[in-house]
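Chemist: test case, fold it:
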Amino acid sequence: MIVYLSSTLDDLRPERAAVKEVLAGEAVVKESYGASEQDLVGSLREEVALCDLYIGILALRYGFIPPRERQSVTHIEYDAAKAKGIPRFVFLKDPAAISFTQTDSAGHKPLDSIEQFRALVSSGDPEEPRPAVFKTPDELKVAVQKAVSDYRSRRSGTRSLMTGGRVHGWEIKYNFSIGGVPGSDDALIEAFRSCARADSRMRAFEVSPSIDSYLQALDDEARRSRFVLLLVTPRSLSRIADAPAGVSAAIALVRDRRAARLGVLAVGLGAGALAASPLAAIGDVIESTDDEWAGPGAEAAIGRLRRWCRERVPERQAGGQVGIPYLTLALSQAEAEQLRDAAGPIFAKFGDAATTRRSGFSRLSQGLANVGLKWPEAFYGVRREDWRPFGANNPTIEEFVDKSIRKVNAAPVGSRERRLLGEFRLVPHRYRFDEYLNDAAGSRDNLRRVCDAGCLVLVDEFALLHPDLRPAIDALLASNNAAVVSLSACDPLPIPLRDLLGDVSYLRVGNLLARFQQAEDVRCELALNCIERLQRWLRLVLPEVMATLAEAQGSPELVSRVDELLGPGAP
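Modeler: Now for the predicted structure:
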């Protein structure tokens, strides 16, 4: 995604840096031109036209007006984006937060031009964007994170389940799918597609090992199918072998998803030929010949393939299923011990915020000690998903998710859950934090994409105090669609709520506080500190995750009347 960042320069340097920090790693940022670059103004409109998104920041300087022009560079950029129909997001700095020296008045220029420009973008005209007002760079970061997240979601959206359609991007529709390499196995792919036209429970798709989006393509199929078969022939084997790292990483991640089972359909190859291939890790291999897929024989071959898959993964029975992606942002045992044993050097990485973060850690740790819980031994394991948010002898976070999904699926006819889910049942799909930390085969972009779609995210508040993890958590929690809960076992809270929601709080990460305080988004809950409250929130939010994944916001009256709708027996 290419983003055009437009503003005056000298007075808004911190704000521009804040926007570029938000977009780092996920967008190419094109810059406004400065006054010294007069010769480039002629190509300015062309530069804007090449972008996917326009972000404009306006304070109280109108900016440089090029020779023979009536408008400033910033105004020209805005009009160029408008003329090309490029989505525009405009952010107005509150005049009360602007010093006199950073205004046109300080340069003995009238404020008329910038005030008219600000009035234009704030006019409410249907052709103009609705600007957001901010005071500080941090407030701007939150606003930009929300705007960009919403834009990405709309751009990749699906039909809404909750507005009457029954198409859902995460519905598990197929008993099996077959993925072939385009350019090598086109004839077989077309034969499979011909079979799929007569059987809506199967699907054929293309997946090329030579493209960066191999993981994304495989992940998308795995969330919609019970069994995904990767086609390999003598023609495609060499191409797969030429990309061993990417293919191996993608296969490992998808196999760990708790979603589709993976297998290999080897046509014209014996299983032994796969020994040196990245596909060898899959294990499940069914062999076939080219002749089986020629002409009328293809129907019998599909029948054999269907039986082979059914023996390994049961086919869908009555009722639909929808995958629910979930992500655990927690410490591992090693990282927790690092926080405990090397507090000084670790917190020094926070720079100016070191004292504040160390204080937050001490208060959280002491809060657990006050209720008789030993940290970190009672809480963590090798995997992040081994995290026990309420200490030893209590469920792991994955067990909480699994149990809550079973309860939602068992909800009776007429309940809030059943009204939102209809005939569907939920199936957990696990994504891992390490997919972001250790980018492999595009896993970082893929995980960000899943969070933007509407992932369930469970946050260990101690993880927010680890300087090596916090920047990644900040990026993942920028989505306005993810359902997020932060957890600690401190009951009562060791930190007053006003401090937890304050300017220097360790919870000020991503756009959590904006969603919790300003938007009052029930999908964002902070500082849950007991099992009952977590179970209650999960029961509330899981149907909402399904609705969000379908690009619906659910029914407002169902969302707001939480206590009434959950019933006296909840959880």
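Chemist: could you pull out the buried residues of stretch 484-502?
Modeler: Buried positions in stretch 484-502, judged by neighbour count with 16 or more other CB atoms under 10 Å: 484-490, 494-495, 500-501. All C-beta atoms are positioned from the backbone trio N, CA, C, and that covers glycine.
Chemist: could you list which of those residues belong to helices?
Modeler: Taking DSSP state H, the ones among those that sit in helices are residue 500.
Chemist: with pLDDT and distance to residue 234 added, can I get the buried residues of stretch 484-502 in a markdown table?
Modeler: Output for these, formatted as a markdown table (pLDDT from 0 to 100; distance: CB to CB, whole Å):
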| residue | pLDDT | distance to residue 234 |
| --- | --- | --- |
| 484 | 96 | 48 |
| 485 | 96 | 50 |
| 486 | 94 | 52 |
| 487 | 94 | 52 |
| 488 | 89 | 56 |
| 489 | 87 | 57 |
| 490 | 82 | 61 |
| 494 | 74 | 64 |
| 495 | 76 | 64 |
| 500 | 75 | 61 |
| 501 | 75 | 62 |
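Chemist: okay, and which of the buried residues of stretch 484-502 map to strands?
Modeler: 484-487 (DSSP state E).
Chemist: count of residues packed around the closest residue to residue 514 other than its chain neighbours?
Modeler: Nearest-residue entry for residue 514: residue 142, 4.7 Å, with adjacent residues in sequence omitted and distances by CB to CB, 6 or more residues apart in numbering. By the measure other CB atoms under 10 Å, the count of residues near residue 142 is 23.
Chemist: low-confidence regions, the stretch 51-200 of the chain specifically.
Modeler: Where the stretch 51-200 of the chain drops to pLDDT under 70, the residues are 152-167.
Chemist: wait, the residue nearest to residue 514 sits on residue 516?
Modeler: No - with contact defined as CB atoms under 8 Å, residue 142 does not reach residue 516; the gap is 11.5 Å.
Chemist: ok so the residue nearest to residue 514 is a helix residue?
Modeler: Yes - under DSSP: H, G, I helix; E, B strand; the rest coil, residue 142 falls within a helix.
Chemist: could I get the buried residue list for stretch 434-451?
Modeler: Using 16+ other CB under 10 Å as the test for burial, stretch 434-451 gives 434-436, 440-451.
Chemist: can you list the domains in this structure?
Modeler: The record's domain parsing of the chain by automatic domain parsing lists 2-155, 176-315, 322-566.
Chemist: right, so of the ones you listed, which gets closest to residue 170?
Modeler: Nearest to residue 170 among the domains of the chain is domain 322-566 (4.4 Å), distances taken as CB to CB.
Chemist: and that closest one, how far out from the chain's middle?
Modeler: Relative to the mean C-alpha coordinate of its chain, domain 322-566 is positioned 14 Å out (CA atoms, centre = their mean, to the nearest Å).
Chemist: poorly predicted segments of this protein, please.
Modeler: If you take pLDDT under 70 as the line, the chain has these spans: 25-27, 32-42, 152-167, 315-319, 343, 551-571.
Chemist: may I have the phi/psi pair for the residue lying farthest from the centre of the chain?
Modeler: What lies farthest from the middle of the chain is residue 108; by CA atoms, centre = their mean that is 47.2 Å. Here is the backbone geometry of residue 108 (degrees, to the nearest 10): phi 60, psi 40.
Chemist: with residue 304 instead?
Modeler: Main-chain dihedrals, residue 304, degrees, to the nearest 10: phi -60, psi -40.
Chemist: strands of the stretch 451-571 of the chain, start to end?
Modeler: Secondary structure of the stretch 451-571 of the chain (DSSP state E, counting those that start in this stretch): strands at 456-460, 483-487, 524-528.
Chemist: nearest residue to residue 76 other than its sequence neighbours?
Modeler: residue 44 (6.1 Å).
Chemist: same question for residue 462.
Modeler: In space, residue 462 is closest to residue 331, 5.7 Å off (CB to CB, 6+ apart).
Chemist: doesn't the one you found belong to a strand?
Modeler: No - counting by three-state DSSP, residue 331 is not found in a strand; it is coil.
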